[in-house]
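Undergrad: any chance you can model this:
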Amino acid sequence: MSLRDRRVQYETAGLRRSDLDADPVGQWRRWYDEAESAGVTEPNAMTLSTVDADGGPDSRVVLARGFDERGVTFYSNRNSTKGAQLAERGKVSLVFAWLDLHRQVRIRGSATPLLDAESDAYFASRPRGSQEGAWASPQSTTIASRDELERLATEAAARFTGRDVPRPEWWGGWIVHPESFEFWQGRPNRLHDRFRYERVDSGWSIVRLAP
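TA: Numbering: from 1, shown residues only. Got it, this is the predicted structure:
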């Protein structure tokens, strides 16, 4: 089947204004729990978009590791491309796509580094192989071959034999502070439901958007 002919007719019941939580974090949590219960693969996966030095967008999929009233947290190498872009321009957008449920959530906001104590605690919870990998990989830089990467991984494992692996100083977390949310629910005939939350002095305003 060609791309132009591939279509899915969404038959979900839809999303009404009265269905929405007044707090977008609560609404996100409700949808996340439903995605998890439905067996969606990696429901915490999100597309993170940053802005490069030329003002161009740059996107990749990362895993959310926390979501509360402060915002969304994730972790990575701060010397990576995304790390450099976040340090230069903190404006970001996130997309959670739960396609099995015909849903997506878009979030726009700004990202700031997490405190070292939070990054330390999360790093300590990671599998040892992932901890060693953080030391081994010069993320986003050019390497000669897979053999070089495996050599670096072997050296990192040997370096920490018999002791805990500390968090590299260049590895840590960010928190995205949301400024707006959009909840999208697929409906038949592409007449989807879209609701946008935006920050106001008293909390959040909610409006319906045309699909």
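
Undergrad: what separates the residue most central in space within the chain from D116, distance-wise?
TA: For the chain, the residue lying nearest the average C-alpha position, counting by Cα atoms, centre = their mean, turns out to be M46 (3.6 Å). Noted for M46: a distance of 24 Å to D116, by Cβ to Cβ, to the nearest Å. Bear in mind the C-beta positions are built from the backbone N, C-alpha and C, glycine included.

Undergrad: any idea which element D58 lies in?
TA: Assessed by DSSP states H and E, D58 sits inside strand 57-63.

Undergrad: pLDDT on that strand, on average?
TA: Averaging pLDDT along strand 57-63 gives 98.

Undergrad: thought R167 was touching R126?
TA: No. Under the criterion of Cβ atoms under 8 Å, R167 lies out of contact with R126, with a separation of 9.3 Å.

Undergrad: more neighbours, these two?
TA: The residue with more neighbours, out of R167 and R126, is R167; 19 against 15, by other Cβ atoms under 10 Å.

Undergrad: need the contact list for the more buried one.
TA: Contacts were defined as Cβ atoms under 8 Å, 6 or more residues apart in numbering; by that measure R167 touches 119-120, 123-124, 131, 134.

Undergrad: which residues touch the strand holding D58?
TA: With contact meaning Cβ under 8 Å, 6+ apart, strand 57-63 is reached by 42, 44-52, 74, 76, 81-82, 85.

Undergrad: so which bits of that strand are buried?
TA: Along strand 57-63, the positions that meet the burial threshold by neighbour count (16 or more other Cβ atoms under 10 Å) are V62.

Undergrad: tell me how far it is from the chain's mean position?
TA: 8 Å (Cα atoms, centre = their mean, to the nearest Å).

Undergrad: quick one: which of the contacts of strand 57-63 is nearest G26?
TA: G26 has its nearest neighbour among these in N44, at 16.9 Å by Cβ to Cβ.

Undergrad: excluding chain neighbours, what is closest to the closest one?
TA: A64 (4.5 Å; Cβ to Cβ, 6 or more residues apart in numbering).

Undergrad: what separation do you get for that neighbour and G109?
TA: Distance of A64 to G109, given as Cβ to Cβ: 13 Å.

Undergrad: about what we covered before: just the buried ones from the contacts of R167?
TA: Applying a neighbour-count criterion of 16+ other Cβ under 10 Å, the buried members of the contacts of R167 are 119, 123, 131, 134.
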